[in-house]
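Participant: coordinates only, sequence not included:
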């Protein structure tokens, strides 16, 4: 999950920490565990 967090901050560098935490929680809730889970197939 750490790699996903880094990628998100590269794309959205001004994202507030609490918003990032919420986003990471939602991604975890829907089963995103690795960067590959976010790639379009």
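Facilitator: Here it is on my side, so go on. Source: prediction; values computed, not measured.

Participant: please make it C-alpha for all contacts and neighbour counts, starting now.
Facilitator: Fine.

Participant: okay, and the helix or strand of the chain with the least pLDDT?
Facilitator: Least confident helix or strand, the chain: helix 2-11 with a mean of 92, by mean pLDDT, DSSP states H and E.

Participant: list the buried ones in the next helix or strand after it?
Facilitator: Once helix 2-11 ends, the next helix or strand along the chain (criterion: DSSP states H and E) is helix 17-29. Within helix 17-29, the residues that qualify as buried are 20, 24, 27, counting by 16 or more other C-alpha atoms under 10 Å.

Participant: likewise stretch 32-41?
Facilitator: So for stretch 32-41, counting by 16+ other C-alpha under 10 Å, buried means 32, 33.

Participant: what about it, how long is it end to end?
Facilitator: 15 Å (C-alpha to C-alpha, to the nearest Å).

Participant: quick one: average pLDDT of that stretch?
Facilitator: Averaged over stretch 32-41, pLDDT sits at 84.
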